[in-house]
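Student: Sharing a model prediction with you, sequence too.
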Amino acid sequence: MIAIVFSVALCVTGMTAPIEASQDDTNASAAGPPVPPAPAPVRQPDGSVADLDAKLVICDPDAPPVSGAGVTSIFEPESPPSREIRDLGFLVFAICIVIFVVVQGFLVIAIVRGIRSRRAAREGGAGGSPEPTQVYGSVPIEVAWTVIPTIIVFVLTMVTIRTIRDIDITSPPEDALEVVVIGHQWWWEFRYPSDAGEVVTANEMHVPAGRPIWLRLESADVIHSFWVPRLAGKMDLIPGHTNYTWFEADRAGIYLGQCAEYCGTQHAHMLIRVYADEPEDFDAWLDAQRKPGVEDPKVAEGRGVFAEYACLNCHTVDGTSDGMFGPNLTHLASRDTIGSGFIPLNRENLRAWIDDPAQLKIGCNMPSLKLDTAELDAVTDYLLTLN
Amino acid sequence: MRWAISVDHKKLALMYIGAGLCFFLVAGLEAAFMRLQLARAENDVIDPETFNQLFTMHGTTMVFLVGMPILLGFGNYLIPLMVGARDMAFPRLNAFGFWLFIFGGLLLYFSYLGADGLYGAGTAPDVGWFAYAPLTSRTFSRGNSTDYWILGIMVSGFGSMTTAINFIATILCMRCPGMTLMRMPMIGWMMLVVAFLVLVAIPILTGAQVMLLLDRTLGAHFFDPETQGSAILWQHLFWFFGHPEVYILILPAFGFVSEIMPTFSRKVLFGYPLMVAATVGIGFISLGVWAHHMFVVGLGPVLDSFFGATTFLISVPTGIKIFNWLGTMWGGRLHFTTPMLFVTGFVAMFVIGGLTGIMLATVPLTWQLSDSYFVVGHFHYVLFGGTVFGIFGAIFYWFPKATGRMLDERLGKWTFWLLFIGFTLTFMPMHVSGALGMPRRIYTYEADRGWEIWNLISSIGVPVQMAGVAIFLWNAIKSLRSGPVAGDDPWDAWTLEWSTTSPPPEWNFDRIPTCTSARPLWDRKNPEDPDAYYE
């Protein structure tokens, strides 16, 4: 009964899929009520960004070339630690496959022989012995299947320890760029310490390709885990305990990941986007991010709304506010996404988000400020100038 | 009422198993809802809060209210019968432990009604079954749901401890004349090691839960990083309990296999002494592997290497068991009754769970795979393909003894194949989605990651499993009423429980039996070639 109900429910949800997908395609021009949370993938799996530009009101014209975005497979590494892990993984996998084949092979042979022997005994009738030969054990055989596995695991342990020592280094690689990653419920803060002034951004980490990146991992609340599978294994961000990890993107592109330690309601929507830029593009990005927030007189009204309501308590815009609880918005419009990487940044999405974040991201810590339409439009326009 | 006031180990055991099966249905439904939500990307059938409660309750229930009581229930039923005793050493303590488990389970589920107090709609715990600090602090877990989680598990944990004491006392002091420790049925050894593990591990959990309760209600700071407490301390304490717990859940199932497989292979268990050594070895090593759950915590290369090595090491005694079972089947005359199907399936599936365990002991690989669906696949191969298959095998094997009636073989085979196929459909693809980067415990996922097809297959396996369980329930009800009468010894088996009536009288044996070997009934049935001669 329950199984049937479940199957029906499964079919129903399966059938609703195409409908929502088509809504998603057409909602670019729809105005008004909040956009459903179903976000269009910002980058297509084939790497094209063609239909994206139509949707994004503000888009970084110097967006880096995309390599296989959407891919988060541990088998497609683009960085030394993840590559070494993949190679080790293949070795261990191969050994396990061999063991699997041997053990299951013996099991199958034992089953086939056992069934035959039972049939033979039955057909043999009274002539055969009532029970098969009783074998109580065999010291040489038992020694063999104790010693051989011990040797295998000894080899595996040695290989494992060597790889641990290669990857889990305790000081930064030479010429590494340090980025501080701070986990929040449910978004990422990235800080680039520098003598020329610290750059702070959120959810989209820019790094130069071909240069080691040394990550200092901290948490502002609960435990999170930083996992971008194509760049490196995961490492937890633990309050009161600083961790470090590193990667080095082989080539420019976007590398996706997400929080991998359960951290509360919106653990699923704590996505990471790492943009590996060509070094000169990265320098340009860093310079742009260092500038204070744009103060366009055309959107002074929106800036007023931002300053008048509670926005500024949580969000920093350099020169306007210094809230620390939410993401730094000084260069919000230079990003591709909002809501920690799961909604493309465009006017409607941003407006819907400000109107009521919980509509898009249930349980989100940002409250709805109940702005009226004019205020919403004004503050949206203001934020979109912050590039 | 007879049942409610009973201190008979058999009645208590059947109540343990019955209650465990009820919780099994509940926790299974919780899982089904999760699979429904994850059947496709961006699904919105279930909201995130509910989803987080579902996986918390599913995990907590399956471990503490399904696995533990059913396995302890079988221990309760079988230990006195198999060692030739009239009851457990402390029958009243036994009843006390059972009622603590029931109370703890109901307290946990009462959270659905009571955790939000009188004013809310009611919430269940949503912190995950391992409840990592500081997500469990007052700051991040408001309301009382986490307190229900703490107290429910703590109460049922006290029950498990009393049962463990009972197991040890019964096994060590109440074996019948002639039954030395090395002539004890293998399941006795498994239960003995399990009982010691319970006594070592559960108090650690209870202690940690008391600390957490102090944090939450009395303003202590054990796990509060803001005030020099340590979030990592909780993980050490929890997993120092948590990993032995895995062996508490699997060793009794090893015991089932070690009893059922010889009977239907018509051969003595291969390598009994080595099997005992491997069991005790697993018991010891399992106390020294806990931090392999913490490879992404940043413990540093030395600790990671140590715990990786101990984890590899535990695969040696575990492998010995697999090989010894193969040795038992080898050259036997195999009768593929339903219990034999389940324990053979157990061996095949447990090998897969063990091998993915070896991959996860490879520390750098775990840096990628930890907290991904690969891990979910891995431990379901161990706990479903292993423990649950073992439990079903045990139910089909000992049902005739406990009720006096046989379960239907044809329906039993349907149950096995549906469960086997459904299980494989659900859990095999999880290894792929995990390797493709899908973290566990997410209530929805992005459409462009290539995870959807694997999740859909996983979800399709669910109704297949449900059909298997439904057929089993029908089988049990039907057979209780009108199954063929079993007789004392329907399987022509060799251990003492088959020498008494089915169901056994309250006093188990009219005369306390004596035994001369590990297979007392073999010796009686084959007086010309007794086991004692070879021991």
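Tutor: Cool, the structure landed. Predicted model only: the values in this text are computed from it and were never measured.
Student: Give me the contact status of stretch A:261-271 with chain B.
Tutor: Yes - applying Cβ under 8 Å from any Cβ of the partner chain, one finds stretch A:261-271 in contact with chain B at A:261-269, A:271. The C-beta positions use only the backbone N, C-alpha and C, and glycine is treated the same way.
Student: ditto for stretch A:192-204
Tutor: No - with Cβ under 8 Å from any Cβ as the criterion, chain B is not reached by stretch A:192-204; the gap is at least 14.1 Å.
Student: Please apply the same query to stretch A:92-100.
Tutor: Yes - Stretch A:92-100 is in contact with chain B by Cβ under 8 Å from any Cβ, via A:92-93, A:95-96, A:99-100.
Student: which among the residues you listed gets closest to B:His378?
Tutor: Of all those, A:Cys96 has the smallest distance to B:His378: 11.7 Å, by Cβ to Cβ.
Student: In this structure the closest one contacts B:Ile358, no?
Tutor: Yes - using Cβ atoms under 8 Å, A:Cys96 makes contact with B:Ile358 at a distance of 5.9 Å.
Student: element containing A:Thr245, please.
Tutor: Per DSSP states H and E: A:Thr245 is located in strand A:243-247.
Student: So which residues make contact with that strand?
Tutor: A:79-82, A:169-170, A:172-173, A:176, A:212-217, A:226, A:228, A:231-233, A:235-237, B:297-298 (Cβ atoms under 8 Å, 6 or more residues apart in numbering or on different chains).
Student: Can you list the strands that it pairs with?
Tutor: If you go by DSSP bridges, strand A:243-247 pairs up with strand A:213-219 (antiparallel).
Student: and the next element down the chain from the partner strand?
Tutor: Next element after strand A:213-219 (DSSP H and E): strand A:224-226.
Student: Contacts for the helix or strand following that following strand, please.
Tutor: Downstream of strand A:224-226, the first helix or strand assigned by DSSP H and E is strand A:235-237. With Cβ under 8 Å, 6+ apart as the test, strand A:235-237 has contacts from A:181-183, A:215, A:217-219, A:223-226, A:243-245, A:261, B:296-298, B:367.
Student: For PyMOL, write a command that selects the buried ones of those.
Tutor: Remark: buried members of these, expressed as a PyMOL selection using 16 or more other Cβ atoms under 10 Å in any protein chain shown:
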select buried, (chain A and resi 181+182+183+215+217+218+219+223+224+225+226+243+244+245+261) or (chain B and resi 296+297+298+367)
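Student: can you give me how far the strand holding A:Thr245 is from the chain middle?
Tutor: Here strand A:243-247 is found 16 Å from its chain centre; the criterion is Cα atoms, centre = their mean, to the nearest Å.
Student: Contacts only, for B:His335.
Tutor: A:118, B:264, B:266.
Student: now the angle between strand A:213-219 and the host helix or strand of the second one, please.
Tutor: Yep, that's B:Phe264 we're talking about. Element membership for B:Phe264 (DSSP H and E) is helix B:231-265. With axes from the mean of the first three to the mean of the last three Cα atoms, to 10 degrees applied, the angle from helix B:231-265 to strand A:213-219 works out at 90 degrees.
Student: and A:Thr330, what is it in contact with?
Tutor: Going by Cβ under 8 Å, 6+ apart, the list of residues near A:Thr330 reads A:200, A:289, A:292-293, A:316-318, A:386.
Student: From those residues, list the buried ones, please.
Tutor: A:200, A:289, A:293, A:316-318, A:386.
Student: any chance of these in TSV, with pLDDT and secondary structure too?
Tutor: What follows is the buried ones among the contacts of A:Thr330, written out as TSV (pLDDT from 0 to 100; DSSP: H, G, I helix; E, B strand; the rest coil):
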residue	pLDDT	secondary structure
A:Val200	94	strand
A:Gln289	94	helix
A:Gly293	84	coil
A:Thr316	93	strand
A:Val317	91	strand
A:Asp318	88	coil
A:Leu386	92	coil
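Student: Provide the secondary structure category for B:Cys515.
Tutor: coil (DSSP: H, G, I helix; E, B strand; the rest coil).
Student: Per-residue confidence at it, what does it come out as?
Tutor: What the model reports as pLDDT for B:Cys515 is 90.
Student: Taking the stretch 201-350 of chain A, what residue is nearest to chain B?
Tutor: A:Gly233 (2.5 Å; Cβ to the nearest Cβ).
Student: circling back to that earlier point, in terms of packing, which of A:Cys96 and B:Ile358 has more residues around it?
Tutor: For A:Cys96 versus B:Ile358, neighbours defined as other Cβ atoms under 10 Å in any protein chain shown are more numerous around B:Ile358 (24 against 20).
Student: Return the backbone torsion pair for the more buried one.
Tutor: Main-chain dihedrals, B:Ile358, degrees, to the nearest 10: phi -60, psi -40.
Student: didn't it look like it was pressed against A:Val155?
Tutor: No - look at B:Ile358 against A:Val155 with Cβ under 8 Å: they stay out of range, at 11.8 Å.
Student: Low-confidence regions, chain A specifically.
Tutor: A:1-69, A:125-128 (pLDDT under 70).
Student: would you list every one of the strands in it?
Tutor: A:177-184, A:187-192, A:199-202, A:204-208, A:213-219, A:224-226, A:235-237, A:243-247, A:253-258, A:271-277, A:316-317, A:321-322, A:337-338, A:343-344 (DSSP state E).
Student: Now the fourth one - C-alpha only, CSV.
Tutor: Provided in CSV are the C-alpha atoms of strand A:204-208 (Å, rounded to 0.1, in the frame of the first residue of the first chain):
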residue,chain,number,x,y,z
GLU,A,204,32.5,34.1,-5.0
MET,A,205,36.2,33.7,-4.4
HIS,A,206,38.5,35.1,-7.0
VAL,A,207,42.0,33.6,-7.2
PRO,A,208,44.8,33.8,-9.7
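Student: what angle separates that strand from strand A:253-258?
Tutor: Here strand A:204-208 runs at an angle of 140 degrees relative to strand A:253-258 (the same axes, to 10 degrees).
Student: Let me see the contact set for A:Met215.
Tutor: For residue A:215 the amino acid is Leu, not Met. A:178-181, A:226, A:235, A:244-247.
Student: returning to that earlier point: ok, for the residue of the stretch 201-350 of chain A closest to chain B, nearest residue in space, not its chain neighbours?
Tutor: In space, not counting the residues next to it along the chain, A:Gly233 is nearest to B:Trp367; the distance is 2.5 Å by Cβ to Cβ, 6 or more residues apart in numbering or on different chains.
Student: quick revisit: I figured the residue of the stretch 201-350 of chain A closest to chain B was touching B:Gln368, is that so?
Tutor: Yes - assessed by Cβ under 8 Å, A:Gly233 is found in contact with B:Gln368 at 4.8 Å.
Student: got the domain boundaries for chain A?
Tutor: Chain A breaks down into these domains under automatic domain parsing: A:80-126+A:136-167, A:177-289, A:297-384.
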